[in-house]
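A.B. asks: here are the coordinates; sequence isn't available:
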């Protein structure tokens, strides 16, 4: 299947700093990427839908000014957690849809574990 | 998208078949059934999907009832590495609708 990478795989930062997470589709093009967040022992929660060349669409309750999403190319989307606080500590997972597949398969990155001290 | 109902947890002996049920009684005619799994601290992994016919690939088989209101994912010979949370999701096959995850079934394969 198609490969989606994320960088970094884990990050520890101080409260008040900003953290950028990159999501890349390595062997396919994706006009749409999705960002999820997962707290311990919970399921994945969709945060936003990222469309190449346009503004992201955020789910209810997700602050767009805190979680900045940029999707500048067909293979790269970034999520920046601004002024991170301990409650933002979570497992962040991106996902991309392969336009070349008829059934709209969605592939996931390995995730980025963010710990805010 | 239609909602799904899965048992919270299941156990399976290593080497035996694991049968994971999913109810999706409100599924629409254009919605597919997708199965993903998530091993601890990793991103979800695609397993299989289908519309109305049974499907099989190198990982698993998907059995969908004739009325499409339920399905079963079958791992024919479960190994310890199949221990994971398995998610059954229904979604239209086209467009940009994202996958929405429920709580899934935590499968524990026991030696």
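C.D. replies: Done, it's in. Everything numeric in this text was worked out from a predicted model, so none of it was measured.
A.B. asks: what residues does chain A put near chain B?
C.D. replies: Residues of chain A found near chain B (C-beta under 8 Å from any C-beta of the partner chain) are A:1, A:4, A:6, A:32, A:34, A:36, A:43-46, A:49, A:51, A:91, A:93, A:95, A:97, A:102-111, A:113. All C-beta atoms are positioned from the backbone trio N, CA, C, and that covers glycine.
A.B. asks: which strand residues bridge the residue of chain A found nearest chain B?
C.D. replies: Proximity to chain B, evaluated over chain A using C-beta to the nearest C-beta, is greatest for residue A:108 at 3.8 Å. Beta bridges link residue A:108 to residue A:95, judged by DSSP bridges.
A.B. asks: hmm, residue B:45 and it touching each other?
C.D. replies: Yes. Between residue A:108 and residue B:45 a contact is recorded at 7.3 Å, counting by C-beta atoms under 8 Å.
A.B. asks: mutual contacts of these two, please.
C.D. replies: Shared contacts of residue A:108 and residue B:45, defined by C-beta atoms under 8 Å, 6 or more residues apart in numbering or on different chains, comprise residue B:36.
A.B. asks: show me which residues of chain B sit near chain A.
C.D. replies: For chain B, the residues in contact with chain A under the definition C-beta under 8 Å from any C-beta are B:32, B:36, B:38, B:41-46, B:49, B:87, B:93-96, B:98-104.
A.B. asks: now those residues: which count as buried?
C.D. replies: When neighbours are counted using 16 or more other C-beta atoms under 10 Å in any protein chain shown, the residues of chain B next to chain A contain these buried positions: B:32, B:36, B:38, B:43-44, B:46, B:49, B:87, B:98-101, B:104.
A.B. asks: restricted to strands, list those residues.
C.D. replies: Judged by DSSP state E, strands contain the following of those: B:32, B:36, B:38, B:46, B:49, B:87.
A.B. asks: redo those residues as CSV? Include distance to residue B:25 and pLDDT.
C.D. replies: Rendered in CSV, the data for those read as follows (distance: C-beta to C-beta, whole Å; pLDDT from 0 to 100):
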residue, distance to residue B:25, pLDDT
B:32, 16, 92
B:36, 21, 96
B:38, 24, 97
B:46, 24, 92
B:49, 19, 93
B:87, 18, 97
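A.B. asks: kindly state the beta-bridge partners for the residue nearest to residue B:49 when sequence neighbours are not counted.
C.D. replies: Nearest-residue entry for residue B:49: residue B:34, 4.3 Å, with adjacent residues in sequence omitted and distances by C-beta to C-beta, 6 or more residues apart in numbering or on different chains. The bridge-partner assignment for residue B:34, based on DSSP bridges, gives residue B:49, residue B:89.
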